[in-house]
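Enquirer: got a structure for you, letters missing:
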């Protein structure tokens with residue numbers, strides 16, 4: 001699995017988890033949804049993704065988006 005797919009999968013899991021927690025636990029969990037969305041948006045324009053940098057250091061093979 002490439003860095004790109006891991007980043008997208010992680011973002012999807014975090015969004016779904018924060019939505020579930022926001023509905024079941026407290027509405028403040030929706031802030032995590034907003035944070036993940038904003039991070040994805042800025043990564044689309046800048047190419048900077050902290051998770052991609054961590055995964056690269058861990059030896060995950062690069063994809064097309066985060067080299």
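Expert: Cool, got the structure. Computed from a prediction, not measured in an experiment: that's the story for all the values here.
Enquirer: Next, name the residue at the spatial heart of this protein.
Expert: residue 11 (3.2 Å; C-alpha atoms, centre = their mean).
Enquirer: Now name the helix or strand holding that one.
Expert: Assigned by DSSP states H and E, residue 11 falls within helix 3-24.
Enquirer: helices or strands next to that helix in the packing?
Expert: When contacts are defined as 3 or more C-beta pairs under 8 Å, 6 or more residues apart in numbering; DSSP states H and E, helix 3-24 sits against helix 30-46, helix 50-57. In this view, the C-beta of every residue, glycine as well, is placed from N, C-alpha and C.
Enquirer: And the shortest one, what does it pack against?
Expert: So that's helix 50-57. With contacts taken as 3+ C-beta pairs under 8 Å, 6+ apart, helix 50-57 sits against helix 3-24.
Enquirer: The helix it packs on vs helix 50-57, what angle?
Expert: Going by axes from the mean of the first three to the mean of the last three C-alpha atoms, to 10 degrees, helix 3-24 is angled at 140 degrees with respect to helix 50-57.
Enquirer: tell me which residues of helix 3-24 are tucked away?
Expert: Buried residues in helix 3-24, counting neighbours by 16 or more other C-beta atoms under 10 Å, are found at 3-4, 6-7, 11, 14-15, 18, 21-22.
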